[in-house]
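S.K.: Quick one: sequence plus predicted model below, questions after.
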Amino acid sequence: MGAHPWFYAVPYVEDVCAALRALTEREFRAGRYNPAEEFPRFPVDLRHRPGCRHDSIDEAREAAAEDGTRSILDIDKVADRPDFGAVCALDEDESEDLFGSTRPSAKEILASEDLFEQIERGQGVYVIAYEDGKPSQIIFAGYSYD
């Protein structure tokens, strides 16, 4: 069937691992993941809550099988380099190449068509978005497994 892109914007916090955990829990509780919802919608509409249909994130992942959850639930860690089930930061050179800046705005990040070319199936990246020279959001983006 093919991998499906996903992306999320959350308020900036220094602890990216904590932001990832909170986002994953939010999306799980809302039911915005396959198979609770076959094709989650992006950008995320927080009012759209199909409802959680599994007892745990691990159970949801197992039910999704090789398709993956088509969501942030496929990601369980922050890593130093690309890896399956992980998000990693873009380095400064990648950020400069993609956005023309090492401090891109959320709008620049989300408008980038080339961002997803940097990402393999079952993996993701995160980018810190800036507003008025200060970190404002963390953008998580990735692809489902299949």
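M.R.: Yep, that arrived.

S.K.: Okay, buried residues for stretch 86-103 please.
M.R.: Neighbour-count burial for stretch 86-103 flags 86-90, 94-95, 98-99, 103 (criterion: 16 or more other CB atoms under 10 Å). From N, CA and C alone the C-beta is placed, and that goes for glycine too.

S.K.: Show me these that map onto strands.
M.R.: Among the buried residues of stretch 86-103, DSSP state E puts 86-89 in strands.

S.K.: And the residues you listed, which is closest to residue 38?
M.R.: residue 87 (23.2 Å; CB to CB).

S.K.: nearest residue to the closest one other than its sequence neighbours?
M.R.: Excluding the flanking residues, the one nearest residue 87 by CB to CB, 6 or more residues apart in numbering is residue 124, at 4.0 Å.

S.K.: distance from the centroid: which residue in this structure tops it?
M.R.: residue 132 (23.8 Å; CA atoms, centre = their mean).

S.K.: related to what we said a few turns ago, thought the residue nearest to residue 87 was touching residue 73?
M.R.: No - under the contact definition of CB atoms under 8 Å, residue 124 does not touch residue 73, with a separation of 11.3 Å.

S.K.: hmm, back to that, do you know the pLDDT at the residue nearest to residue 87?
M.R.: Predicted confidence (pLDDT) at residue 124: the value is 97.

S.K.: And for residue 40?
M.R.: In this model, residue 40 carries a pLDDT of 96.

S.K.: Please determine how far it is located from residue 118.
M.R.: 21 Å (CB to CB, to the nearest Å).
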